[in-house]
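[1] This is the structure alone, sequence omitted:
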Ligand code: MG
């Protein structure tokens, strides 16, 4: 099932996106029983499919991406976190920061895993049974703050407001039995910048869940961003960074397309 979260004239709903484009309203809880009411809805605004509890992110999880950044493939998954306030809706803008200014904001297409059941010391073989579904993510990254000014941590550069677009739909696991068999792409203003497959992850999704839940609790609503393939902007010659007026699309097979325009932050109350 493709589940969306949206606003209509009556408020916020979960809905089932049908193949013919219709949306019917779902009743219940995303992490509990959900019932399709059959009532057709008019989507006025699409929201990110969930408000994540926690956002765990994996760096350097594709071999050629590690190479393009001049890094060795890691021995264990590289973990960092994003603030849940960074989540952005499909269609809403990625905002280039101007209070803590960055001039090197980059895109990263990523498969986003949505945990459906509490995970604690989950073994690889059972890991996927704890997944509710998958969506598209963009791990937007201010490379200057990622490298400098973050005390050696990546979090500062990765967690500015709007730096975690998610969507458009959460696709449940019955439609994606193998999350490591999907094509994944980024298009910048229509030009393909990243074009690869999730089969090339160094640590596949079950391995990541085993690692991340080891001696650790992952609660329902945790989102795992699973890393990006090669083709990011900073590694290009010359580098390509996002500028106001751009449009960025993350596309993942069987899930859909997540598009966000790019604008600059408006700094209120500042004068020359
Ligand atoms: Mg990333």
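    Looks like it came in fine. Since we're looking at a predicted model, the values are computed, not measured.
[2] can we go C-alpha only for contacts and neighbour counts from here?
    Fine.
[3] for the ion, what are the nearby residues on this structure?
    By the criterion of Cα under 5 Å from the ion, the positions of the chain lying close to the ion are 139, 227.
[4] Please enumerate the helices of the chain.
    Secondary structure of the chain, counting by DSSP state H: helices at 63-68, 143-147, 155-158, 205-213.
[5] would a markdown table of those with mean neighbour count and mean pLDDT be doable?
    Supplementary listing: these in a markdown table, determined by neighbours: other Cα atoms under 10 Å; pLDDT from 0 to 100:
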| stretch | mean neighbour count | mean pLDDT |
| --- | --- | --- |
| helix 63-68 | 18 | 89 |
| helix 143-147 | 19 | 95 |
| helix 155-158 | 23 | 96 |
| helix 205-213 | 21 | 98 |
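[6] Identify whichever of those lies nearest to residue 265.
    helix 155-158 (15.3 Å; Cα to Cα).
[7] contacts for the closest one?
    For helix 155-158, the external contacting residues (Cα atoms under 8 Å, 6 or more residues apart in numbering) are 80-82, 139-147, 149-150.
[8] related to what we said a few turns ago, using a markdown table, please lay out the helices of the chain together with distance to residue 9.
    Listed next are the helices of the chain as a markdown table, based on distance: least, Cα to Cα, whole Å:
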| stretch | distance to residue 9 |
| --- | --- |
| helix 63-68 | 44 |
| helix 143-147 | 40 |
| helix 155-158 | 34 |
| helix 205-213 | 38 |
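[9] Go through these and name the closest to residue 121.
    Taking the helices of the chain one by one with Cα to Cα, helix 205-213 is closest: 5.1 Å.
[10] can you list contacts of the closest one?
    For helix 205-213, the surrounding residues in contact (Cα under 8 Å, 6+ apart) are 77, 119-128, 179-180, 218, 226.
[11] Any chance of a ChimeraX selection covering the buried ones in those?
    Here is the ChimeraX command that selects only those of the contacts of helix 205-213 that count as buried (16 or more other Cα atoms under 10 Å):
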select :77,119,120,121,122,123,124,127,128,179,180,218,226
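[12] circling back to that earlier point, do you know which of the helices of the chain lies nearest residue 190?
    It is, among those and with distance given as Cα to Cα, helix 63-68, at 21.4 Å.
[13] next one: the helix or strand of the chain with the lowest mean pLDDT to chain centre, how far?
    When the helices and strands of the chain are scored by mean pLDDT, DSSP states H and E, helix 63-68 comes last with a mean of 89. Relative to the mean C-alpha coordinate of its chain, helix 63-68 is positioned 20 Å out (Cα atoms, centre = their mean, to the nearest Å).
[14] Other residues contacting it?
    60, 72-73, 200-202, 228-232, 235.
[15] out of these, who's nearest residue 47?
    Distance to residue 47 across the contacts of helix 63-68 (Cα to Cα) is lowest for residue 228, with 23.0 Å.
[16] need the contacts of helix 63-68 in CSV with distance to residue 26 and neighbour count, can you?
    Compiled in CSV, the contacts of helix 63-68 are given as follows (distance: Cα to Cα, whole Å; neighbours: other Cα atoms under 10 Å):
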residue, distance to residue 26, neighbour count
60, 37, 25
72, 46, 13
73, 43, 17
200, 35, 16
201, 34, 18
202, 37, 19
228, 32, 32
229, 34, 27
230, 38, 22
231, 38, 21
232, 37, 21
235, 43, 15
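[17] Please identify which of those is nearest to the ion.
    Closest approach to the ion among the contacts of helix 63-68 (Cα to the ion): residue 228, at 5.2 Å.
[18] any idea how far residue 189 is from residue 175?
    When Cα to Cα, to the nearest Å is applied, the distance between residue 189 and residue 175 equals 29 Å.
[19] what domains does the record give for this protein?
    Per automatic domain parsing, the structural domains of the chain span 1-47, 50-264.
[20] most packed of the ones you listed?
    domain 50-264 (a mean of 20; mean count of other Cα atoms under 10 Å).
[21] end to end, how far does it reach?
    Chord length of domain 50-264, first to last residue, is 25 Å (Cα to Cα).
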